[in-house]
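*Asks:* quick one, fold the following:
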Amino acid sequence: MASFGHYIKTEREQRNWTQTEFGAKIGINSSAISRIENGTQKFSKSKLPKLSEIFQIDLQKITDLFYADKFALEAYENHCSENVFVVAEDNVKYIKNMHTKQAKLNF
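*Replies:* Okay, here's the model as predicted:
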């Protein structure tokens with residue numbers, strides 16, 4: 001998997017949309033689309049539901065790709081080992097368990 005911007009470019013090109021056409025659909029000008037695709041501008045998380053709708057791809061998949069790119073870049077820029085993702089996965093499991101409500105047992 002490449003960057004989130006590259007993912008957007010690939011999906012857009014598969015649909016034979018120009019940056020201008022795609023930008024009109026999602027509400028972003030074509031120069032911003034170009035910067036997003038080449039990685040010099042970040043895609044807004046507020047646009048993820050619209051992106052999911054336009055590409056007809058599950059919102060959860062789009063969200064996962066968006067944050068995976070964000071986390072990978074942050075780890076790279078901070079010289080983290082690949083083990084950081086194993087630790088992060090364990091932390092997510094811990095957080096989920098902490099936020100899971102215990103069911104009440106009625107006897």
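*Asks:* where does this structure dip in pLDDT?
*Replies:* Applying pLDDT under 70 to the chain flags the ranges 1, 101-107.
*Asks:* who does the longest helix belonging to the chain touch, helix- and strand-wise?
*Replies:* Longest helix of the chain, by residue count under DSSP state H: helix 59-77. Contacts defined by 3 or more CB pairs under 8 Å, 6 or more residues apart in numbering; DSSP states H and E place helix 59-77 against helix 4-14, helix 48-55, helix 83-98. C-beta: built from backbone N, CA, C; applies to glycine.
*Asks:* show residues contacting the first one.
*Replies:* I take that to be helix 4-14. 1-2, 19, 22, 33, 36-39, 43, 51, 55, 57, 65-66, 69-70 (CB atoms under 8 Å, 6 or more residues apart in numbering).
*Asks:* quick check, Ile28 in contact with Glu37.
*Replies:* No: the pair Ile28 / Glu37 is not scored as a contact, 10.9 Å apart, by CB atoms under 8 Å.
*Asks:* which stretch of helix or strand covers Asn16?
*Replies:* Under the criterion DSSP states H and E, no helix or strand holds Asn16.
*Asks:* excluding its backbone neighbours, what's nearest Asn38?
*Replies:* Leaving aside its chain neighbours, Asn38 sits nearest to Gly5 (6.5 Å; criterion: CB to CB, 6 or more residues apart in numbering).
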